[in-house]
Every structure is written in structure tokens, then in C-alpha cells.
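>>> Model the following, please.
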Amino acid sequence: MPLYEHVFIARQDLSNAQAEGLIEHFSTVLADNGGKVVENEYWGVKTMAYKINKNRKGHYAFLKSDAPAAAVQEMERLMRLHDDVMRVLTIKVDKHAEGVSVQMQKREERDGDRGDRGDRGGFGGERRERPSFGDRPDRGGDRGDRPSFGAPRR
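Got it, this is the predicted structure:
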């Protein structure tokens, strides 16, 4: 059977138990339609980038499933009809990643994979001097031969 990963956002005014109850409910929907949930994670309440239905935060949940397409479609249909679920994202994957997701890892563990980024410049690096207006070769010298905007023309 195909492998899927699902992320959904539930309303912020639910309790943690109710949000985890939604995970169990949708896992049951998959099981009733011939699929199974391999792993699930409750990520907790997180702040969203923009408001959705007047909510600034939401309960995030992540499911890894092994289910036929019909079961996934039924689960998505029920999620979209459910009043407590604000957003749903489902992707098909070739294989599930081992271990916990990036959201559940500690920050130190995540940053170890990023490598050295010291040569990129930016705020911590050296600052270069900007050329003065007359030193730039594309501007035609010191511009003393043309009047400024405020000077009258003759």
C-alpha cells in the first residue's frame, strides 16, 4: 500500500486531550477503511504565520500512514468537514523517515546537520566600504559637468 504523511491544524481553544482525541479519531477512520497509522505525533500548540478563521495559534498533529488511496480520501473528506480542523496537508512519500520528525527534535540536534555557515557573510562578517558616488565607473565620473536638480539650467 502507498505511504502517506498527514499534518493537520486544529483550533487553539481545544484542550490537549481533545486534540489528541482527533488523532485517534482519524486513525480509526483510516483503520476502518483498510489502512493503518504507522506513527503519530502531537506537536502541541504553535503560533501560525497568519490568522486562519480568526485563530492565531493551533494544535498541530502529524500522522504517518500506510493506507489505500480511498481510505486517505475518506479521512481528508472527514477532516475538511470537521469543525475543529482548520487545515489539512497530505503528501505521498516513498518511505517514512526513521525516528522522530524535525519538529520534535531538540534545537541542538537539528542545528548539528546544518554544517558550517561562516563564509556566507551577513551580519557577523566583514563590512565592505561602499564606493562614493563619483568613484563608481558606471556613473560617469564625478558628475561635475551636469547640474543638480535644484540648480537652474542655462
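
>>> V100 contacts E41, correct?
Yes. Assessed by Cβ atoms under 8 Å, V100 is found in contact with E41 at 6.9 Å. C-beta here means a position set from N, CA and C on the backbone, and glycine is covered the same way.

>>> biggest strand in the protein, by residue count?
With secondary structure taken from DSSP state E, the chain has its longest strand at strand 36-52.

>>> helices or strands next to that one in the packing?
If you count contacts as 3 or more Cβ pairs under 8 Å, 6 or more residues apart in numbering; DSSP states H and E, strand 36-52 packs onto strand 3-11, helix 16-32, strand 55-66.

>>> Using CSV, write out the CA atom coordinates for stretch 47-62.
Extracted in CSV, the C-alpha atoms of stretch 47-62 (Å, rounded to 0.1, in the frame of the first residue of the first chain):
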residue,chain,number,x,y,z
THR,A,47,1.8,30.1,16.5
MET,A,48,0.9,30.3,12.9
ALA,A,49,2.3,32.8,10.3
TYR,A,50,-1.1,34.3,9.7
LYS,A,51,-4.6,34.1,11.1
ILE,A,52,-6.9,31.3,10.0
ASN,A,53,-10.5,31.7,10.9
LYS,A,54,-9.6,34.4,13.4
ASN,A,55,-7.1,32.0,15.2
ARG,A,56,-3.5,33.0,15.7
LYS,A,57,-2.4,29.6,17.1
GLY,A,58,-3.4,26.0,16.5
HIS,A,59,-2.8,22.4,17.7
TYR,A,60,-0.5,20.7,15.2
ALA,A,61,-0.6,16.9,14.6
PHE,A,62,1.4,14.6,12.4
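
>>> Outside of that stretch itself, list whatever touches it.
For stretch 47-62, contacts defined as Cβ atoms under 8 Å, 6 or more residues apart in numbering pick out 5-12, 14, 16, 19-20, 22-23, 40-46, 86-87, 101, 103.

>>> With stretch 77-97 instead?
Identification of contacts with stretch 77-97 by Cβ under 8 Å, 6+ apart yields 2-11, 14, 18, 22, 26, 29, 38-39, 52-53, 55, 58, 64, 72, 76.

>>> gap between the two ends of that stretch?
End-to-end distance of stretch 77-97 (Cα to Cα, to the nearest Å): 26 Å.

>>> Just the buried residues of it, please?
M79, D84, V85, M86, V88, T90 (16 or more other Cβ atoms under 10 Å).

>>> Also stretch 56-70?
Across stretch 56-70, burial judged by 16+ other Cβ under 10 Å covers K57, G58, H59, Y60, A61, F62, L63, K64, S65, A67.
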